[in-house]
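In: no sequence on this one, just coordinates:
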């Protein structure tokens, strides 16, 4: 824990009614993660009206808060010359088509070779440098999630990811927004929080859902047996609301092409929801998906060969949001990567109904 503390005194505004203490402080000091602030409160670093408080304390107008905040760590993301597949770039944002097998940000055991490292290099070597760029949202779960939990706002500095406003899994490809300055990052993060960003995904799954379009409404939480996985948790208080809409775009013998539109953004949401309805994503071995080989699609004898796709067949297809400067709705689309396109071509050739 840092040595130097900052002592502050706050008076709660007259318009605020019964806001949790930890949420209130996170809103005032967004560069501290909510978890960090909860730890400060539990350690006795916060008093309300002269008394020790709990994170869940409900505040009232004119309450006096005394808080001692620790210094933030000074970790930085080292720039690395990693190519970015840029679909669009202007003074405020970069839209990329993320490739497979790359983390969005440094995590346990992976401190380099990430999108964040690439972005740091791109910004530092370009004409647009913002030293005050905010660094990331608070995390929940494993190192790199499929869809960020959109309830987390404002962005926090618990870990350092320059310009990252949302995430994709390591092996999920597709469209991502990167911010080039702090204002753009704040505005876009707010849109994610308010669920104003429209996202769609493409997945190739095993089997064909009974309905051509439907809503999957199943709360998600951490898997009780494997902490790195997530699961449907209908028990009261164990799962968070998670809603995914799907549409069947094309069917084949044994497989389907789906469009997914998540309403919420829980960790691994699309992957868990599709496994829940018994149609896991091809090659998603964490949630029941199996690799697919050319001999299988051809209905031929088993032949030693590589699978057609060796990673989860999930792709972030489109994204729409309000541009932070022009305030106009902008939309971007990332074309399917070669491995998913190859699988789709083979399905159309050998498994068309």
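Out: Happy to help now that I have it. Remember, predicted model here, so these are calculated numbers, not experimental data.

In: show residues contacting stretch 213-232.
Out: The contact list for stretch 213-232, computed with Cβ atoms under 8 Å, 6 or more residues apart in numbering, reads 141-142, 233-234, 238-248, 266-269, 272-274, 276-277, 286-287. Yep, even glycine has a C-beta here, placed from its N, CA and C like the rest.

In: got phi/psi on the spatially closest residue to residue 23 that is not a sequence neighbour?
Out: Closest residue to residue 23 apart from its sequence neighbours, by Cβ to Cβ, 6 or more residues apart in numbering: residue 34 at 7.2 Å. Backbone torsions for residue 34, taken as degrees, to the nearest 10, come to phi -60, psi -40.

In: ok, residue 34 touching residue 21?
Out: No. Here residue 34 does not reach residue 21: they are 10.8 Å apart, not a contact under Cβ atoms under 8 Å.

In: pLDDT-wise, which helix or strand of this protein ranks last?
Out: Using mean pLDDT, DSSP states H and E, strand 5-11 stands out as the lowest-scoring helix or strand of the chain, at a mean of 77.

In: what comes up buried for the helix or strand following that one?
Out: Beyond strand 5-11 on the C-terminal side, the first helix or strand identified by DSSP states H and E is helix 21-28. Neighbour-count burial for helix 21-28, with 16 or more other Cβ atoms under 10 Å as criterion, is recorded at 21-22, 24-26.

In: any residues touching helix 21-28, and which ones?
Out: With contact meaning Cβ under 8 Å, 6+ apart, helix 21-28 is reached by 10, 12, 16, 32-34, 37-38, 41, 46, 48, 53-59, 65, 67, 154, 156.

In: go on, stretch 305-315?
Out: With contacts defined as Cβ under 8 Å, 6+ apart, stretch 305-315 is touched by 100-101, 146, 169, 171-174, 201-205, 270-271, 281-284, 286, 289, 291-295, 297, 334, 336-337, 339-340, 342-343, 346.

In: just the buried residues of those.
Out: Neighbour counting by 16+ other Cβ under 10 Å classes 100, 146, 169, 171-174, 201-205, 270-271, 281-284, 286, 289, 292-294, 297, 334, 336-337, 339-340, 343, 346 among those as buried.

In: low-confidence stretches in the protein?
Out: Scanning the chain for pLDDT under 70 picks out the ranges 1-6, 71-76, 108-109, 126-162.

In: how does it divide into domains?
Out: Taking automatic domain parsing as the criterion, the chain consists of the domains 5-70, 73-353.

In: could you find the closest non-adjacent residue to the most far-flung residue of the chain relative to its centre?
Out: What lies farthest from the middle of the chain is residue 301; by Cα atoms, centre = their mean that is 40.8 Å. Excluding its sequence neighbours, the residue lying closest to residue 301 (Cβ to Cβ, 6+ apart) is residue 295, at 6.7 Å.

In: what sits against that neighbour?
Out: 301-303, 305.

In: what segments of the stretch 251-353 of the chain are strands?
Out: Listed in chain order, the strands of the stretch 251-353 of the chain (DSSP state E, counting those that start in this stretch) span 255-262, 314-322, 329-333.

In: turn the ones you listed into CSV, columns for mean neighbour count.
Out: Formatted as CSV, the strands of the stretch 251-353 of the chain follow (neighbours: other Cβ atoms under 10 Å):
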stretch, mean neighbour count
strand 255-262, 21
strand 314-322, 21
strand 329-333, 14
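
In: just list whatever residues bridge to residue 330.
Out: With DSSP bridges as the criterion, residue 330 is bridged to residue 321.

In: would you agree it is in contact with residue 198?
Out: No. Between residue 330 and residue 198 there is no contact under Cβ under 8 Å: 10.9 Å.

In: give me the common contacts of the two.
Out: 320-321.

In: and the residue nearest to residue 333 when sequence neighbours are not counted, how far is that from residue 341?
Out: With Cβ to Cβ, 6+ apart as the criterion, residue 333 has its nearest non-adjacent residue at 4.8 Å, and that residue is residue 318. Distance, residue 318 to residue 341, by Cβ to Cβ, to the nearest Å: 16 Å.

In: also residue 260?
Out: Residue 260 is 18 Å from residue 341, by Cβ to Cβ.

In: ok, now residue 50?
Out: 65 Å.

In: over to residue 59?
Out: Distance of residue 59 to residue 341, computed by Cβ to Cβ: 53 Å.

In: looking at the two, which is more packed in?
Out: Neighbour count, other Cβ atoms under 10 Å: between residue 59 and residue 341, residue 59 has more, with 22 against 13.

In: residues contacting stretch 44-61, please?
Out: For stretch 44-61, using Cβ under 8 Å, 6+ apart, the contacting residues are 5, 12-22, 24-25, 37-38, 40-42, 63-69.

In: list buried residues within those residues.
Out: The neighbour count (16+ other Cβ under 10 Å) marks 12, 19, 21-22, 24-25, 37-38, 40-41, 63, 65, 67, 69 as buried among the contacts of stretch 44-61.

In: isn't residue 172 up against residue 316?
Out: Yes. Between residue 172 and residue 316 there is a contact under Cβ under 8 Å: 6.4 Å.

In: what do those two both touch?
Out: Applying Cβ under 8 Å, 6+ apart, one finds that residue 172 and residue 316 are jointly contacted by residue 98.

In: rewinding a little: dump the contacts of residue 295 to CSV, plus distance to residue 323.
Out: Below are those laid out as CSV (distance: Cβ to Cβ, whole Å):
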residue, distance to residue 323
301, 54
302, 52
303, 50
305, 46
